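# What would the 3D arrangement of this be:
(4 chains)
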Number of protein chains: 2
Amino acid sequence: MDTIDDRVLRGFDRSLPMALLRAREAVMKKFTPSLRANNMSAQQWRVIRALNEQDGLDISELSDRCHLLMPSLSRIIQNLEKRDLVSRSQSEEDNRRSVINLTDEGHAVFRKIAPKSIERYEFITDRFGYGKLELLYELLDELVEKLQEGGDTHDRST
Amino acid sequence: MDTIDDRVLRGFDRSLPMALLRAREAVMKKFTPSLRANNMSAQQWRVIRALNEQDGLDISELSDRCHLLMPSLSRIIQNLEKRDLVSRSQSEEDNRRSVINLTDEGHAVFRKIAPKSIERYEFITDRFGYGKLELLYELLDELVEKLQEGGDTHDRST
DNA sequence: GTGATATACGTAACATGTTAATAAATATGA
DNA sequence: TCATATTTATTAACATGTTACGTATATCAC
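Purely as a prediction, here's the structure:
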């Protein structure tokens, strides 16, 4: 095994990205079947859920809120549109923007899946503990915040 | 906004999968350019890194350690093989298994990228704090453990 | 107003995620 | 031994991740 600069790279299975990935997989694992039973991917569900919270978002805002890149979202919207779960209209003030709305059928799908999502959250809170869950949220938020704070000056690629 | 069973679904941007996703994105963000500069994807790097830790793994073991599904890994190995970063040989005891080894060129790529990875870890530790980082690891591990522990009986899809 | 810039959205091309189906080798049990 | 089941790996097909590029509209500088 190669070592670098007299330092050793953190053990692979102890790396932060892997730990986060594993946690995400564990959290999603038992919820995905509920989605698939309704022909929904996790990403499509994110869009539906975001629109349920606030209807009439444009694609850029959806991209931000769902953490989906524009090209992915573009295809996802087309897919959902084809299935009549969302509808698209032109913005009045800015002709570049498309405004996306949840159709009645879209709302129906949301109401069908949401209880499963709530169940899952309750199960996780139950198993892991409310306090630890809140602590985890705080740590994750703080991590993101600290990594964004000005600089990252050791990398000039931006 | 629809509500379900008198309960409301946790705010979208406060959901656990999203928090984990955001954290992972933040952690990876400044490291990806180092990978791309060497024509490496994050997944390809995982494979290289796993093989550097222990050479001669078969594809199933790589799948476990890298958290890559077999079909993805199958394509990734083919890609790396084409670029002479890994080599493939047949297992003696079990003719179904392929044994994957890092080539000299593969080791060279590892040694080229690894310092950037170490830098990134040090930066994160510096910004976030060693204690908090360890606490985060513990919480993530415990979360995975608690969610796996027998049952998940509220979902019968397995 | 006109021309340069920036923004919103889309497509292209390739890599990966994900489920299903398949082939080949091995293990199991009658 | 032989049929059957299991394991290992691949491919197919489609959705998504990711970067690069194109197009239309909007904004800004002058």
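# any idea of the mean pLDDT in the lengthiest helix in chain A?
Scanning chain A for the helix with the most residues, using DSSP state H, yields helix A:104-128. What helix A:104-128 shows for mean pLDDT is 95.
# Buried residues of it, list them for me.
A:106-107, A:109-110, A:113-114, A:116-121, A:123-125, A:127-128 (16 or more other C-beta atoms under 10 Å in any protein chain shown). Where you see a C-beta, it was placed from the backbone N, CA and C, and this is true even at glycine.
# and the most centrally placed residue in chain A, what does it touch?
Centroid-nearest residue in chain A: A:Cys66, 4.9 Å away (criterion: C-alpha atoms, centre = their mean). By C-beta atoms under 8 Å, 6 or more residues apart in numbering or on different chains, the residues touching A:Cys66 are A:43, A:46-47, A:50, A:73.
# what's the distance between it and A:Lys82?
Taking C-beta to C-beta, to the nearest Å as the measure, A:Cys66 falls 19 Å from A:Lys82.
# pretty sure A:Asp55 is in contact with A:Asn101, am I right?
Yes: A:Asp55 lies in contact with A:Asn101 (C-beta atoms under 8 Å); the separation is 5.3 Å.
# chain center to stretch A:63-73: distance?
Centroid separation between stretch A:63-73 and its chain, computed with C-alpha atoms, centre = their mean, to the nearest Å, is 9 Å.
# same question, stretch A:60-67
Mean-position distance between stretch A:60-67 and its chain equals 9 Å (C-alpha atoms, centre = their mean).
# hang on, the earlier thing: switch the contacts of A:Cys66 over to TSV; also include secondary structure.
TSV is the format used below for the contacts of A:Cys66 (DSSP: H, G, I helix; E, B strand; the rest coil):
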residue	secondary structure
A:Gln43	helix
A:Arg46	helix
A:Val47	helix
A:Ala50	helix
A:Leu73	helix
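# out of these, which touch DNA strand D?
When these are checked against DNA strand D using C-beta under 7 Å from any atom of the strand, the ones in range are A:Gln43.
# Counting neighbours, which of the contacts of A:Cys66 comes out on top?
Highest neighbour count within the contacts of A:Cys66: A:Val47, with 27 neighbours (other C-beta atoms under 10 Å in any protein chain shown).
# so who does that residue touch?
Counting by C-beta under 8 Å, 6+ apart, the residues that A:Val47 touches are A:62, A:66, A:68, A:73, A:76-77, A:80, A:86.
# how about those residues in CSV, adding pLDDT, distance to B:Leu147 and secondary structure?
Formatted as CSV, the contacts of A:Val47 follow (pLDDT from 0 to 100; distance: C-beta to C-beta, whole Å; DSSP: H, G, I helix; E, B strand; the rest coil):
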residue, pLDDT, distance to B:Leu147, secondary structure
A:Leu62, 98, 29, helix
A:Cys66, 97, 24, helix
A:Leu68, 98, 25, coil
A:Leu73, 98, 29, helix
A:Ile76, 98, 27, helix
A:Ile77, 98, 32, helix
A:Leu80, 98, 30, helix
A:Val86, 98, 32, strand
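# any idea which of the residues you listed is closest to B:Thr32?
Nearest to B:Thr32, judged by C-beta to C-beta, of these is A:Leu68 at 17.2 Å.
# For stretch A:42-54, output the C-alpha coordinates as PDB.
C-alpha atoms of stretch A:42-54 as PDB (Å, rounded to 0.1, in the frame of the first residue of the first chain):
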ATOM      1  CA  ALA A  42     -36.300   9.300  -5.300                       C
ATOM      2  CA  GLN A  43     -35.600  12.400  -7.500                       C
ATOM      3  CA  GLN A  44     -39.100  12.500  -9.000                       C
ATOM      4  CA  TRP A  45     -40.400  12.400  -5.400                       C
ATOM      5  CA  ARG A  46     -38.200  15.300  -4.400                       C
ATOM      6  CA  VAL A  47     -39.800  17.400  -7.100                       C
ATOM      7  CA  ILE A  48     -43.300  16.400  -6.200                       C
ATOM      8  CA  ARG A  49     -42.600  17.100  -2.600                       C
ATOM      9  CA  ALA A  50     -41.000  20.500  -3.300                       C
ATOM     10  CA  LEU A  51     -44.000  21.500  -5.400                       C
ATOM     11  CA  ASN A  52     -46.400  20.400  -2.700                       C
ATOM     12  CA  GLU A  53     -44.700  22.800  -0.300                       C
ATOM     13  CA  GLN A  54     -44.800  25.600  -2.800                       C
END
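# what distance separates it from the centre of its chain?
9 Å.
# cool, stretch A:126-138 as well?
Distance, centroid of stretch A:126-138 to centroid of chain: 19 Å (C-alpha atoms, centre = their mean).
# That one: which residues count as buried?
A:127-128, A:132-133, A:136.
# which pair in these spans the largest distance?
Across these, the longest distance by C-beta to C-beta is 12.8 Å; it joins A:Arg127 and A:Leu136.
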